[in-house]
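**Student:** no FASTA, just this:
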């Protein structure tokens, strides 16, 4: 990775677009199962033709509507259109036999898409048993009957599992975002407490001394001047402390942030590995590296969908902190005001460099390089 200018956030080439979950368009392809009945119609195996055409078209249309409404979240898909699709498919199979049984497989797929909760396996089992009764009634062979029942159950179960799995992934992502928001709120509360502790006493002293200046000014100019000088000195000290707090120099430091990172990542279901030497760092460097760990871990939880995260600190001629994950990569540069931009400014103030971007293959890398060297403890 080529070095960039101090403080510059360099984004590497993204590896690809964000993955999308299953949708209705991806399920429309299974309407092609209506090709089986069309084959029988074309070869004169289904009579009367008008009825065969009608049920084939009806099943295809009902399948498309059921799938579309299911992904749109409408309960009518399961309560109205799915039963209609099943009734027409069973009637067509009982009357026309042959490849019209593929309409039952189409019905199973629609059931797997539309049914919710734990019902799909139960409903698919019932559908397979009902198809068994129809196959026995029309005199189908054992082999064809077994294949049909197996096809009905698996064809419906696979999309049901896919959709439920994707729902679970979305829920996990929402949980991670909530954890990140909670971490941000906790940090804001901590900062407000620090600021209150920092300024509360200082401002109280300044008010008392200002009252003293007001009382002394008419009768003791020298005493009033000394009190005013004290106010000036206290104000300068308070300004320095506030600036230090805002730039993060009153932060919790690297060790505390690493401990928090272990806890937060573990709670989010992300495996974490930390490799750091024991160093005695200057206070400003210690807090800056802690800030980098906090920002990097927050991004891992909020954006990556990672399963594992590695945090390494080494000092080959300087301090190098790397935070790596194996999650998805968000393409494009960080927007103005993003946390990485603020981190880049702090790193620049320490004459360091910041690299951020996708890793080759998969995952994301955040690297902070500082010229300061810690002393081994």
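**Tutor:** It's in. On a predicted model such as this, the values are computed, not experimentally measured, just so you know.

**Student:** Torsion angles phi and psi at residue 58?
**Tutor:** phi -70, psi -40 (degrees, to the nearest 10).

**Student:** ok, and the closest non-adjacent residue to it?
**Tutor:** residue 88 (5.2 Å; C-beta to C-beta, 6 or more residues apart in numbering). C-beta coordinates here come from the backbone N, C-alpha and C atoms, glycine included.

**Student:** For burial, what's the neighbour tally of that neighbour?
**Tutor:** Residue 88 has 20 neighbouring residues, counting by other C-beta atoms under 10 Å.

**Student:** And the one 4 residues further on, by the same measure?
**Tutor:** Other residues lying near residue 92 total 24 when counted by other C-beta under 10 Å.

**Student:** from memory it sits against residue 56, does it?
**Tutor:** Yes - between residue 92 and residue 56 there is a contact under C-beta atoms under 8 Å: 7.4 Å.

**Student:** tell me, what's touching these two both at once?
**Tutor:** 37, 100, 103 (C-beta atoms under 8 Å, 6 or more residues apart in numbering).

**Student:** From the centre of this protein, point out the most distant residue.
**Tutor:** residue 219 (68.4 Å; C-alpha atoms, centre = their mean).

**Student:** quick one: that residue from residue 225, how far?
**Tutor:** Distance, residue 219 to residue 225, by C-beta to C-beta, to the nearest Å: 13 Å.

**Student:** ditto for residue 109
**Tutor:** For residue 109, the distance to residue 225 - C-beta to C-beta - is 89 Å.

**Student:** more crowded one of those two?
**Tutor:** residue 109 (23 against 13).

**Student:** My guess is that one contacts residue 156. True?
**Tutor:** Yes - here residue 109 reaches residue 156: they are 5.9 Å apart, a contact under C-beta under 8 Å.

**Student:** what sits in contact with each of those two?
**Tutor:** Contacts common to residue 109 and residue 156, judged by C-beta under 8 Å, 6+ apart, are absent.

**Student:** did I read that right, residue 25 in a helix?
**Tutor:** Yes - under DSSP: H, G, I helix; E, B strand; the rest coil, residue 25 sits within a helix.

**Student:** Can you give me the buried ones in the helix or strand harbouring residue 55?
**Tutor:** Following DSSP states H and E, one finds residue 55 within helix 49-71. The neighbour-count check on helix 49-71 (16 or more other C-beta atoms under 10 Å) flags 52, 55-56, 58-60, 62-71 as buried.

**Student:** can you check stretch 67-83 too?
**Tutor:** Those would be 67-71, 74, 77-78, 81-82, for stretch 67-83 by 16+ other C-beta under 10 Å.

**Student:** Give me the contact list for that stretch.
**Tutor:** By C-beta under 8 Å, 6+ apart, stretch 67-83 touches 23-24, 27-28, 62, 65-66, 107, 110-111, 113-116.

**Student:** mind running it again at 10 Å?
**Tutor:** 21-28, 30-31, 61-66, 85, 106-107, 109-116, 119, 123, 159, 163 (C-beta atoms under 10 Å, 6 or more residues apart in numbering).

**Student:** which of those count as buried?
**Tutor:** 27, 30-31, 62-66, 85, 106-107, 109-115, 123, 159, 163.

**Student:** Can you check the pLDDT for residue 158?
**Tutor:** pLDDT for residue 158: 89.

**Student:** cool, residue 364 as well?
**Tutor:** Residue 364 is assigned a predicted lDDT (pLDDT) of 85.

**Student:** Which strand residues bridge it?
**Tutor:** Beta-bridge pairing for residue 364 (DSSP bridges): residue 325, residue 358.

**Student:** distance of it from residue 309?
**Tutor:** 10 Å.

**Student:** Mind listing the shared neighbours of the two?
**Tutor:** The contact lists of residue 364 and residue 309 share 296, 300, 323-327, where a contact means C-beta under 10 Å, 6+ apart.

**Student:** Return the member of those residues nearest to residue 350.
**Tutor:** residue 296 (16.4 Å; C-beta to C-beta).

**Student:** Give the closest residue to that closest one in space, chain neighbours not counted.
**Tutor:** Closest to residue 296 by C-beta to C-beta, 6+ apart is residue 323, at 3.6 Å.

**Student:** The helix or strand hosting residue 147 - contacts with which helices or strands?
**Tutor:** Secondary structure from DSSP H and E places residue 147 in helix 142-216. With contacts defined as 3 or more C-beta pairs under 10 Å, 6 or more residues apart in numbering; DSSP states H and E, the packing partners of helix 142-216 are helix 24-27, helix 49-71, helix 102-114, helix 119-138, helix 221-246, helix 253-267, helix 283-299.

**Student:** helices or strands up against the third one?
**Tutor:** Contacts defined by 3+ C-beta pairs under 10 Å, 6+ apart place helix 102-114 against helix 24-27, helix 35-42, helix 49-71, helix 82-96, helix 119-138, helix 142-216.

**Student:** Many thanks, I have nothing further to ask.
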